[in-house]
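Engineer: Task: produce atomic coordinates for the following.
(chains A and B)
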Amino acid sequence: MSNDVERQVEQFRDRFKQVTDEVSRIIVGNDDVVASVMTCLLVKGHVLLEGIPGVGKTKLVQTLADVMHLEFSRIQFTPDLMPGDIIGTNVVREDASGQKFFEFQQGPIFANMVLADEINRATPKTQSALLEAMQENSVSAGGDTHNLDQPFFVLATQNPIEMEGTYPLPEAQMDRFLFKLRLDFPGADQLYSIVDRTTQQSEPKVRRVLEKEQILEMRSTARAVPVSKPVMEYAIAITLATHPESDKGHELAKKYVRFGSSPRGVQSLILGAKVNALMSGRVHVSCEDIRAVTKPALRHRILLNFEAEAERIETDAILQSILESIEEPKG
Amino acid sequence: MKDLDDIVGLLRAVAGRMRVARVLHEAGFALCIVLFALAAFELVRIPLSGIVTDVHWYVLVAGLSIFCVAVLWRALKRISMAQAASLVDARLPLHDELKSAYWFASRPQPADGQGAAFVRNHVANAARTAHDLRGSSIVPLKLPRTLLLAVLPGLILAGAIWSRADLVRAGTQVGAGIAQVDTSGQSARSLLSATAADDEEIAELDRALAAFEDNNATRQERLEAMLRARDAVDQMNMQAAVSREGLARMARAISEQPGMEQVAEAIAQGRTEDAIAMLQEMRDELTAFPADGPGDGSGRGNSARTARDELPAAQETGETGRDVTNMPGSTNPESVNRLLENLENAQDTMRRQQRANTARRRMDELGEMVGLTAQNSDLAPQQFTNQGETPMGAPSPDTGQTDLRSATMYRQASTMPGDNDQDDEGSRTGGPSGHSSARALEGRATKRLDAMLKLERVSVSGGEEAKEQDKQKAEWFYSASQQEQSETGFADVRGRDEYSGADVMKTGRVPIEQRQAVRDYFINVHEGDNK
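Structural biologist: Model (predicted):
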């Protein structure tokens, strides 16, 4: 049995590494972002990618879809985009006998990997069309519920600087994303590599290294990683520290946070930590794994108050302070 | 189960060593604090022996005992397995492997499923890790740094205790020294034996010296005895000074009497015994050959004495001489007797003072031996107000001044025998800083120190030229300039005028009673309209 577990773990790591290696042939740098996206995929989560234009957000998602042999669809969110454009709609069809009937025409959300590009440019009504799909992995239209094919994975992108004419995601929508990742502007060496790779006669090609079934198997492995109570208590303590009204709330949270993380935040911490533990060759989650995923898992779940906005306090700074202040449980 | 045993075995060993290490650390910390507190107490106890008492010592011991118990209780608190696991995980580091595995192993595990397989694998891995580990390598036992820190207060405490023991030895030696002085007949108390035992000051001084010479007396008791003795000696010094003043007045009075010049001169020069001898001779002559006289000197003398009963002793002694002077023709034997009696009393008073001062000096020397008066801080200014000032001279103790080790206390009354000025009579207290010169025995005539207060007028402007300039300035202010034009611009004049006008219109410038009058006027006018 032990050998079987170790084999699963080894297999998980190998596959994970294959994907990231393939992606890195196209995407320069941002290895941690690629790993985090993979983490979300393997624990049935969704990712919100944030970055300025041109840093490779869309390219990253496209490359992942190519590598993993998944059905990929891209939705360019615009202000006039309607929910039906995403989910699909019932259309009137006519059979051979001339009898007319309604038939559900699936929208682009019916795919394994959905790229919601510039999601904050659509209206909240359209944004909300993703809520049920992201949480329940199903879509309701015309009185019928349609299950989505697994794995279902939404990657949304948004531009943090062009806020004119955008609709910031509501908190409920933000909470559906497991991680919020930031793509930073590449450095000089990375820019050199990007230019070198993308200005040749032929761009590098990636090969498909992961099948749908393998992804589901990896999901199962990740979920099986045990988490002890002291480690869970550590994750809970971090989450509670983001709440200004809590007795265990951090000092900065009491000053700058309006609403702390939801319970989904703890779930995200534990799930992300499990993958992190597997990638570290361990079959148990440690507090170190929790710390590694705290910022991407909680940064979009903390709603700052006006004072924080005025003083340009970012959630990452508050989370860093929380991580430094909370001690690991001693038993 | 074997996996759990391996894990628990390691954790128990680590927990035990952690406990021992904690006890060592806490003991070192407690020892450091205790030694520091005791050293501080000993250091404070020596200079503040009058303030720090045994009660403070008991309070300190009680506080330190409570502190030690609290530290011991904290040190002996149980260390859980989870705490030991956390320590092992943190020190190696094992990424919470032992902590997590112990938690899983100490609970019922799921029978089957993928999760159960992962848990079993995890516990087995942790057991292998624990099997290879030794508690001594994780928690090595070594002396805590606090024990090294305790060396410094320990040395200070040892030094303080040694110093105190030295003082105690000195205190024992002084008892032996006092006994030795007693044996040789030179103790401070023995010096008083020749004086009047019924004298109040002598009795007080005797009691103080007895307390001082008591071998079982504490340092504080000796200090208090010394203070009482000094007070008594000061009183006797005051009385002696009064006697000297009386002697001086007596000498001045009888110097005018024919045949008494030599007696007066002997008194003035301090040769009291010579004066007494001359007076005794004179009395014998008067007794053998009584002179015929119109008046009865004895009756007058008695009446004069009755009238002077309320006078101070100095004046009384002086009046005795005056009685002799007032006797026309020959000297009254009874007056000479009274003169003799007063002279002998004064001499006795001064002898008493001399002995008391000698006794007190000896007491000071003994006090210096045991460190009572060796340090200025012992005789602090709050105990002797004039201590700390350096005396101008080194006056004789017989002058009535109180000699202290580092200062002189001027509390004696001094004679002021002026040549022609009877207003000089009375006492004078010397300046605390030592300005008064020491009086010779028997009151050497001194001049009154007259202070010349001069009021000087200091010219501020200085010189005729400056006065002329001031005058010109004054004229310029009221006169036209050399160009025969106004120095003030039109705008300034107009502005000043407008300001004055506006200022007048302000209601705040109108007195309240006048405003009230105006108000009443208009109210009356208004009421008149209503009517």
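Engineer: which residues in the stretch 1-150 of chain A form helices?
Structural biologist: A:2-26, A:31-42, A:57-68, A:83-87, A:124-127, A:129-136 (DSSP state H, counting those that start in this stretch).
Engineer: As a markdown table, those with distance to residue A:314 and mean neighbour count would be great.
Structural biologist: (Glycine included, C-beta is placed from N, CA and C.) Converted to a markdown table, these look like this (distance: least, C-beta to C-beta, whole Å; neighbours: other C-beta atoms under 10 Å in any protein chain shown):
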| stretch | distance to residue A:314 | mean neighbour count |
| --- | --- | --- |
| helix A:2-26 | 27 | 17 |
| helix A:31-42 | 18 | 23 |
| helix A:57-68 | 20 | 22 |
| helix A:83-87 | 31 | 20 |
| helix A:124-127 | 23 | 18 |
| helix A:129-136 | 25 | 19 |
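Engineer: would you turn the ones you listed into a markdown table with mean pLDDT and distance to residue A:200?
Structural biologist: Shown next, in a markdown table, are the helices of the stretch 1-150 of chain A (pLDDT from 0 to 100; distance: least, C-beta to C-beta, whole Å):
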| stretch | mean pLDDT | distance to residue A:200 |
| --- | --- | --- |
| helix A:2-26 | 88 | 13 |
| helix A:31-42 | 91 | 22 |
| helix A:57-68 | 86 | 16 |
| helix A:83-87 | 90 | 36 |
| helix A:124-127 | 87 | 38 |
| helix A:129-136 | 86 | 37 |
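Engineer: end to end, how far does stretch A:237-255 reach?
Structural biologist: 18 Å (C-alpha to C-alpha, to the nearest Å).
Engineer: Can you pull out the residues in contact with that stretch?
Structural biologist: Residues from elsewhere that reach stretch A:237-255 (C-beta atoms under 8 Å, 6 or more residues apart in numbering or on different chains): A:257-261, A:263, A:265-266, A:269, A:290, A:294, A:298, A:301-302, A:307-308, A:313, A:317-319, A:321-323, A:325-326, A:329.
Engineer: So which of those belong to strands?
Structural biologist: Of these, the ones assigned to strands by DSSP state E are A:257-259.
Engineer: Next, format the residues you listed as a markdown table and append distance to chain B, pLDDT and neighbour count.
Structural biologist: Output for the ones in strands among the contacts of stretch A:237-255, formatted as a markdown table (distance: C-beta to the nearest C-beta, whole Å; pLDDT from 0 to 100; neighbours: other C-beta atoms under 10 Å in any protein chain shown):
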| residue | distance to chain B | pLDDT | neighbour count |
| --- | --- | --- | --- |
| A:257 | 28 | 93 | 25 |
| A:258 | 33 | 92 | 14 |
| A:259 | 30 | 93 | 15 |
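Engineer: Of the contacts of stretch A:237-255, keep whichever come out buried.
Structural biologist: Among the contacts of stretch A:237-255, those classed as buried by neighbour count (16 or more other C-beta atoms under 10 Å in any protein chain shown) are A:257, A:260-261, A:265-266, A:269, A:290, A:294, A:298, A:301-302, A:308, A:313, A:318-319, A:322, A:326, A:329.
Engineer: Which one of the helices of the stretch 1-150 of chain A lies nearest to residue A:151?
Structural biologist: helix A:31-42 (6.6 Å; C-beta to C-beta).
Engineer: Could you name the helices and strands sitting against that closest one?
Structural biologist: Packing contacts for helix A:31-42, counted by 3 or more C-beta pairs under 8 Å, 6 or more residues apart in numbering or on different chains; DSSP states H and E, involve helix A:2-26, strand A:47-51, helix A:57-68, strand A:153-158, strand A:179-183, helix A:212-224, helix A:263-279, helix A:287-298.
Engineer: can you redo the ones you listed as a markdown table with distance to chain B?
Structural biologist: Listed next are the helices and strands packed on helix A:31-42 as a markdown table, based on distance: least, C-beta to the nearest C-beta, whole Å:
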| stretch | distance to chain B |
| --- | --- |
| helix A:2-26 | 4 |
| strand A:47-51 | 25 |
| helix A:57-68 | 22 |
| strand A:153-158 | 22 |
| strand A:179-183 | 22 |
| helix A:212-224 | 4 |
| helix A:263-279 | 8 |
| helix A:287-298 | 6 |
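Engineer: Reformat the ones you listed into CSV and put distance to residue B:243 next to each item.
Structural biologist: CSV is the format used below for the helices and strands packed on helix A:31-42 (distance: least, C-beta to C-beta, whole Å):
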stretch, distance to residue B:243
helix A:2-26, 115
strand A:47-51, 109
helix A:57-68, 116
strand A:153-158, 112
strand A:179-183, 106
helix A:212-224, 114
helix A:263-279, 102
helix A:287-298, 96
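Engineer: Out of the ones you listed, which gets nearest to residue B:250?
Structural biologist: Of all the helices and strands packed on helix A:31-42, helix A:287-298 sits nearest to residue B:250, with 105.2 Å by C-beta to C-beta.
Engineer: So what's the gap between the closest one and the chain middle?
Structural biologist: 14 Å (C-alpha atoms, centre = their mean, to the nearest Å).
Engineer: where are the low-confidence patches of chain A?
Structural biologist: A:1-2, A:162, A:331 (pLDDT under 70).
Engineer: domains in it, as residue ranges please.
Structural biologist: A:1-216, A:225-331 (automatic domain parsing).
Engineer: got a list of what the residue nearest to residue B:126 when sequence neighbours are not counted touches?
Structural biologist: Nearest non-adjacent residue to residue B:126, counting by C-beta to C-beta, 6 or more residues apart in numbering or on different chains: residue B:101, 3.1 Å away. Residues counted as contacts of residue B:101 (C-beta under 8 Å, 6+ apart) are A:284, B:3, B:7, B:122-123, B:125-127.
Engineer: where's the dip in pLDDT among the residues you listed?
Structural biologist: Among the contacts of residue B:101, residue B:3 carries the weakest pLDDT, at 77.
Engineer: Distance check, it against residue B:93.
Structural biologist: Remark: distance between residue B:3 and residue B:93 (C-beta to C-beta, to the nearest Å) = 21 Å.
Engineer: who has more neighbours, those two?
Structural biologist: When neighbours are counted by other C-beta atoms under 10 Å in any protein chain shown, residue B:3 comes out ahead of the other of residue B:3 and residue B:93, with 20 against 11.
Engineer: Can you tell me, leaving aside adjacent residues, what's nearest to that one?
Structural biologist: residue B:127 is the one closest to residue B:3 (C-beta to C-beta, 6+ apart), at 3.5 Å.
Engineer: Show me the shaky parts of the stretch 201-350 of chain B.
Structural biologist: For the stretch 201-350 of chain B (pLDDT under 70), the answer is B:215, B:289-331.
Engineer: Show me the helices in it, by range?
Structural biologist: B:219-254, B:261-268, B:272-288, B:297-307, B:313-326, B:333-369.
Engineer: burial of residue B:366, as a residue count?
Structural biologist: So residue B:366, with other C-beta under 10 Å, has 23 neighbours.
Engineer: And for residue B:355, the neighbour number?
Structural biologist: Number of residues near residue B:355 (other C-beta under 10 Å) recorded here: 18.
Engineer: Pop the domain breakdown of chain B in here.
Structural biologist: B:2-156, B:186-451, B:499-531.
Engineer: so which of the domains of chain A is the most packed in?
Structural biologist: The highest average neighbour count among the domains of chain A, using mean count of other C-beta atoms under 10 Å in any protein chain shown, belongs to domain A:225-331 at a mean of 20.
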